[in-house]
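Asker: Task: produce atomic coordinates for the following.
(2 chains)
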Amino acid sequence: GALVYQYPRRTICKSGTSMRMECQAVGFQATSVAWYRQSPQKTFELIALSTVNSAIKYEQNFTQEKFPISHPNLSFSSMTVLNAYLEDRGLYLCGARAWGSQNTLYFGAGTRLSVL
Amino acid sequence: AQKVTQTQTSISVMEKTTVTMDCVYETQDSSYFLFWYKQTASGEIVFLIRQDSYKKENATVGHYSLNFQKPKSSIGLIITATQIEDSAVYFCAMRDPYQGGRALIFGTGTTVSVSP
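Answerer: Numbering: from 1, shown residues only, chains lettered A, B, ... in the order given. Take a look at the predicted model:
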């Protein structure tokens, strides 16, 4: 089956520092990866969509300068939160789309970011 | 604009009964895909079931089924013979055309509590 692993599961960083989170697709080729942030109220914000061999598309209010993403192959993607502040807290989720899956995204358990 | 609305914040049911959740959507697309996901207490998001708009038959997977009413832009989720482990937050989602269909727009979720 399609599995997506995210690590770390939880992380705490000091205000103004940066942290990197990773997303690994197992059992399928992730042609595209959508990075989301889920608020404590459970609402989803799409940060960016990364497709192998294509430019990464960031949503409004999210920038490459703040959330740089790497998607070097069909099984791995990473995103860094630079200069994290309180408003960056939340559960960061990656949804990976498999080739031929009719737009179905498979998610990991997320990386929960706390900022002190 | 694309939008997904879940009006039920929470539902409580007894084990082995049936629970129904509502979801309405707005889209300008003539062909679209609708999804239901479940988020467990650990944060993991699990894909449950998908409905393709061009299919008249309601999708069914295990004890999950959909009530697709296209004229009403409605896609309800039905869980039969509920189990304690069905307790979770359930999200309705729709393909986001502004990201080439590779990302999803989510509703705000319905929390389901199943009691013994």
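
Asker: Is stretch B:49-64 positioned near chain A?
Answerer: Yes - under the criterion of CB under 8 Å from any CB of the partner chain, chain A is reached by stretch B:49-64 at B:50, B:52. For the C-beta atoms, the positions are set from N, CA and C on the backbone; glycine is no exception.

Asker: got a list of contacts for that stretch?
Answerer: Where contact means CB atoms under 8 Å, 6 or more residues apart in numbering or on different chains, the residues beyond stretch B:49-64 that reach it are A:102, A:104, B:29-36, B:48, B:65-68, B:70, B:75, B:77-82.

Asker: So, low pLDDT: which residues of chain A?
Answerer: Applying pLDDT under 70 to chain A flags residues A:1-2, A:102.

Asker: Chain B contacts on that one?
Answerer: Selection of chain A residues close to chain B by CB under 8 Å from any CB yields A:32, A:34, A:41-44, A:46, A:49, A:51, A:57, A:91, A:93, A:95, A:97, A:102-110, A:112.

Asker: got the contact list for the residue nearest the centre of chain A?
Answerer: Centroid-nearest residue in chain A: A:Trp35, 3.4 Å away (criterion: CA atoms, centre = their mean). By CB under 8 Å, 6+ apart, A:Trp35 lies in contact with A:23, A:46-50, A:67, A:69, A:77, A:79, A:92-95.

Asker: how about 7 Å then?
Answerer: The neighbourhood of A:Trp35, defined by CB atoms under 7 Å, 6 or more residues apart in numbering or on different chains, consists of A:47-48, A:69, A:79, A:92, A:94.

Asker: Provide the strand pairings for the helix or strand where A:Arg97 lies, with the direction of each partner.
Answerer: Following DSSP states H and E, one finds A:Arg97 within strand A:90-98. If you go by DSSP bridges, strand A:90-98 pairs up with strand A:30-38 (antiparallel), strand A:105-107 (antiparallel), strand A:111-115 (antiparallel).

Asker: Could I get the full set of helices for chain B?
Answerer: Taking DSSP state H as the criterion, chain B carries no helices.

Asker: List the contacts of residue 19.
Answerer: All of this is about chain A. Contacts of A:Met19 (CB under 7 Å, 6+ apart): A:11, A:13, A:80-81, A:84, A:113.

Asker: try again with chain B
Answerer: B:11, B:13, B:79, B:82, B:112.

Asker: B:Asp22 too?
Answerer: Counting by CB under 7 Å, 6+ apart, the residues that B:Asp22 touches are B:6-8, B:76.

Asker: Roughly how far does it sit from B:Lys70?
Answerer: According to CB to CB, to the nearest Å, B:Asp22 and B:Lys70 sit 15 Å apart.

Asker: And B:Ile79, by the same measure?
Answerer: Distance, B:Ile79 to B:Lys70, by CB to CB: 22 Å.

Asker: which residues touch B:Val114?
Answerer: For B:Val114, the contacting residues are B:13, B:15, B:82-84, B:86-87, by CB under 7 Å, 6+ apart.

Asker: all strands of chain A, in order?
Answerer: Using DSSP state E, the strands of chain A run over A:3-7, A:10-13, A:19-26, A:30-38, A:44-51, A:57-58, A:69-73, A:76-81, A:90-98, A:105-107, A:111-115.
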